[in-house]
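Novice: The following block contains a protein sequence and its predicted model.
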Amino acid sequence: MIASQMVDPRVSAVDLHFYKVPMAGAFSLVEEYESSLGELSISELGSPLRAARKLESIFVPQPQEDYLHLIVIIDAPLRITCWVRGADVPLQLLNVELQKHALPLELSSRVKELLPALADVALSDLKSYTLSTKNDDELKEVLDCKRKGSLVCSGQMMKDAFDDVPFSSREFKAVIEVVSHQTIVPPSSSCLVGEGNTILRARQKFLRDNPPGEDWHIPSTVLLMSVNRGHREDSGNRRR
């Protein structure tokens with residue numbers, strides 16, 4: 001096995017995850033191994049191998065000695081470069097460190113701690129988007145507000161959101177979008193009825209022809225109801 005760096009002896013065995021290498025062929029030089037591995041990402045490795053599984057069941061038939069067989073992934077903190085943007089927030093650049101099993105909510109909390117300008121912003125108003133390291137134009141388009149990147153779902157672990165990052169870079173980039181809540185002014189009642197409405201025109205004509213008298217403080221609808229009620233009572237008396 002070839003490793004680019006020695007594993008810290010203080011690392012627990014439960015933090016080591018084994019993956020079978022999804023490529024065939026023997027490499028004569030260390031550089032060839034590292035170059036080929038650098039193009040891979042965790043998303044291409046599939047699920048990690050179960051700890052209780054026997055190696056003889058993994059390698060069938062017996063692999064050659066000069067093949068690369070396994071990749072060992074160490075659970076280490078994620079170091080994320082974050083661009084924070086929003087309608088009322090100037091563009092900010094932050095470096096945030098999170099545990100691999102952290103959720104987007106923890107990233108939002110950490111960003112709020114580092115930026116006092118977000119003190120009054122609700123955590124639910126901070127949306128996380130990941131950026132691809134394979135596309136240099138994507139970052140520029142995102143910062144120019146032409147696109148947002150890939151939204152990280154609330155229940156998705158951050159390590160899974162970056163599973164397409166190749167081993168050669170391990171650059172984790174994210175955009176934190178501050179959601180803007182614009183106040184919506186409801187339309188006035190006069191805007192709900194068009195000028196061509198016959199009921200509106202009839203009501204306006206009635207008000208013009210019947211200016212308010214002593215009972216000016218009583219709405220016209222109440223006056224009409226009173227008149228109609230009195231008319232019904234008079235009619236009833238005459239019938240009796």
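Specialist: Now that the structure is in, tell me what you want to look at. Numbering: from 1, shown residues only.

Novice: quick one, helices of the chain?
Specialist: Along the chain, counting by DSSP state H, helices occupy 30-38, 42-45, 55-58, 104-114, 136-143, 158-161, 198-209, 220-239.

Novice: Output the third one in CSV, but only the C-alpha positions, please.
Specialist: Output in CSV follows, covering the C-alpha atoms of helix 55-58 (Å, rounded to 0.1, in the frame of the first residue of the first chain):
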residue,chain,number,x,y,z
LEU,A,55,-10.6,-10.3,2.2
GLU,A,56,-10.8,-13.6,0.3
SER,A,57,-14.4,-12.7,-0.6
ILE,A,58,-13.4,-9.2,-1.8
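
Novice: quick check: domain ranges of this structure?
Specialist: Residue ranges for each domain of the chain read 13-74, 78-178, 194-239, as given by automatic domain parsing.

Novice: worst average pLDDT in the ones you listed?
Specialist: When mean pLDDT is averaged over each of those, domain 194-239 scores lowest at a mean of 56.

Novice: Give the closest residue to residue 89 in space, chain neighbours not counted.
Specialist: Closest residue to residue 89 apart from its sequence neighbours, by Cβ to Cβ, 6 or more residues apart in numbering: residue 178 at 5.0 Å. C-beta: built from backbone N, CA, C; applies to glycine.

Novice: Show me what counts as buried in stretch 89-106.
Specialist: If you call a residue buried by 16 or more other Cβ atoms under 10 Å, then stretch 89-106 has these buried ones: 89, 92, 96, 98, 100, 102, 103, 104, 106.

Novice: how about the fifth one, phi and psi?
Specialist: Main-chain torsions, residue 100, degrees, to the nearest 10: phi -60, psi -30.

Novice: who's in contact with it?
Specialist: 75, 76, 77, 78, 157, 158, 159 (Cβ atoms under 8 Å, 6 or more residues apart in numbering).

Novice: now the first one
Specialist: With contact set as Cβ under 8 Å, 6+ apart, residue 89 has these partners: 115, 117, 118, 178.

Novice: distance of it from residue 162?
Specialist: To residue 162, residue 89 is 24 Å away according to Cβ to Cβ, to the nearest Å.

Novice: go on, the last one?
Specialist: According to Cβ to Cβ, residue 106 stands 14 Å off from residue 162.

Novice: picking that back up, pull out the buried members of the contacts of residue 89.
Specialist: Buried members of those, scored by 16+ other Cβ under 10 Å, are 115, 118, 178.

Novice: May I see these organised as a markdown table, with distance to residue 140 added?
Specialist: Below are those laid out as a markdown table (distance: Cβ to Cβ, whole Å):
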| residue | distance to residue 140 |
| --- | --- |
| 115 | 23 |
| 118 | 24 |
| 178 | 20 |
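
Novice: Touching, residue 123 and residue 109? I think so.
Specialist: Yes - between residue 123 and residue 109 there is a contact under Cβ atoms under 8 Å: 6.4 Å.

Novice: out of the contacts of residue 100, which is most surrounded?
Specialist: residue 158 (23 neighbours; other Cβ atoms under 10 Å).

Novice: For that residue, give me its contacts.
Specialist: Residue 158 sits next to 78, 80, 98, 100, 101, 102, 103, 104, 106, 107, 152 when contact means Cβ under 8 Å, 6+ apart.

Novice: And the residue nearest to it when sequence neighbours are not counted, how far from residue 177?
Specialist: Nearest residue to residue 158 in three dimensions, chain neighbours excluded: residue 102, at 5.1 Å (Cβ to Cβ, 6+ apart). Here the criterion is Cβ to Cβ. By it, residue 102 lies 18 Å from residue 177.
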